[in-house]
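>>> predicted structure and sequence below. I'll ask about it afterward.
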Amino acid sequence: MQEIRTATADAIQRITTVVTLGSSLFLQGCGGSSTTTSTVTPPAQKTIAQIQVTGQPVLVFDHTKDKQPQPLNIPDAQITAWREADGTVNLMVPNYEVYRMRGPDLLHLTIDPNEIYSGSQSGGEVPEDLYNYHHWLMGPYSLDGKTFYTLTHSEWYACLLNDDCDQAPYVNGWENTINSLISTDGGASWSLNTVNGNHTVAHPGFHWTGSTALTDKIYLYALNHSGMFQPTRVIKEGSYYYAIAFYTHRDFSQVDPASGMYQAPVDENGFALLRTDDITNPNNWQVWNAGGTYQPISNGAITVFLPQQNGRALNAPPPQIIFDTVAECYILIHTIAGDGSSNPVYFMTTKSLANPAWTDSTPILGTVQLITDPGGAVHGFNDANYPSILDNNSTGFNFEFTSGSPLLFWSTFPAQYGGDNLARDIYMVQLSVTYR
């Protein structure tokens, strides 16, 4: 597993430039102006001027004390949280062997020694079309604090079909899907959320079973990962529930082993905005196309985007999102993939997910200077840190909101300085949003 996830940071690096979108997608977000025909002066709309670090890093999950005997009780995706009906707060330690920390709030958490989901025991099914191999739980969502649903980051590898995963990195034939899991006991245990015989939300990656690519074993020679990766937490706007995933599509028709061409070129790469009007049903999810248009994911019409700075697309890994109740807009945070470890965390905003118009991406002040892993004196961030944003004062069950004092969470990744990659910790630091 250590080898798989160490390679993941490289596998998700942006290999080609994202399809360039029209300027209609990147406008003024929270800073947008409006017009009115009323003679009454409306109240001033607050906008976000900046986000900055205002505290020192705090150790949340200490592998030397909190890690359970299961080796994979380590963070391996964006950190998310949920609140049960009785007020108990849960913080996910995300992996396909899943544990949680619990307490009265995000500032006072202790490890729960009980595993809440085992991907190797509840999943681990080899047939590709079952979409039930290894699931990472990416962000529980509830309407009542008792029954929770989560989207997953679900990995499967072509080498499983030929029983030769020891001959090359698993990720070379990695197909990633998004599935739906359910908990009926406040998040203490999870199972597939099967509705009308289906638990899969999205499986747009290359289908290996019966393919020439599988027969030729091209995964032994080149990286050919594809699919939808690492969805954010679910967040509600109007009558829809939204999440953002990372989508990579490859053109396998270009593979030609006879001429030494084993890698299918990437022809689509970036963020994909997803939504459904029924969080309880995995069958109804749609994907954004342009403007305010969404289509069923199964149609295959997936439009991707990446954060922008002055018209240039940034090499961003999967993001996280939260709603700011003061500026009344969505904040998306991300860092940079495959460019060392000393990057800032950035933010961008939009007033709407139904018809998104994102601002340019802006660094969160102070993040590049943070010591993010004292074990290697690492400053700043990269995709292996999985930065996430949560607010201890968020109302409801799902930690969807911030009112100006969010917390930035991240995990360490000791492999980047030659350390033990099973010795990962979770840290947090206080942020402050400045409004104008």
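Sure thing, it's come through.
>>> isn't residue 332 up against residue 356?
No. Judged on C-beta atoms under 8 Å, residue 332 makes no contact with residue 356 at a distance of 9.6 Å. The C-beta positions use only the backbone N, C-alpha and C, and glycine is treated the same way.
>>> shared neighbours of those two, anything?
Residues touching both residue 332 and residue 356 (C-beta atoms under 8 Å, 6 or more residues apart in numbering) are residue 350.
>>> poorly predicted segments of the chain, please.
For the chain, residues meeting the criterion pLDDT under 70 lie at 1-28, 31-43, 339-341.
>>> can you pull out the helices in it?
2-11, 119-122, 159-162, 212-215 (DSSP state H).
>>> gap between the last one and the chain center?
It refers to helix 212-215. The chain centre lies 30 Å from the centre of helix 212-215; the measure is C-alpha atoms, centre = their mean, to the nearest Å.
>>> for it, which outside residues touch it?
158, 161, 162, 206, 208, 219, 224, 252, 255, 264.
>>> give me the buried positions along it.
Neighbour-count burial for helix 212-215 flags 213, 214 (criterion: 16 or more other C-beta atoms under 10 Å).
>>> ok, residue 409 - contacts?
By C-beta under 8 Å, 6+ apart, the neighbours of residue 409 are 60, 79, 387, 388, 389, 390, 426, 427, 428.
>>> now it, which residues is it bridged with?
Residues in a beta bridge with residue 409, per DSSP bridges, are residue 388, residue 428.
>>> same deal with residue 134?
Beta-bridge partners of residue 134, as defined by DSSP bridges: residue 155.
>>> now swap in residue 246 and tell me
residue 229, residue 271.
>>> for it, the count of nearby residues, please.
25 (other C-beta atoms under 10 Å).
>>> what of residue 62?
Using other C-beta under 10 Å: residue 62 sits among 12 other residues.
>>> same thing with the one 3 residues further on?
Neighbour count of residue 65, defined by other C-beta under 10 Å: 9.
>>> spit out the contact partners of it.
Counting by C-beta under 8 Å, 6+ apart, residue 65 has no contacts.
>>> against residue 79, how distant is residue 426?
Residue 426 is 6 Å from residue 79, where distance means C-beta to C-beta, to the nearest Å.
>>> more crowded one of those two?
Counted by other C-beta under 10 Å, residue 426 and residue 79 do not tie: residue 79 has more neighbours, with 29 against 26.
>>> that one contacts residue 390, correct?
Yes. Residue 79 lies in contact with residue 390 (C-beta under 8 Å); the separation is 7.2 Å.
>>> measure residue 189 to residue 363 for me?
From residue 189 across to residue 363, the span is 40 Å (C-beta to C-beta).
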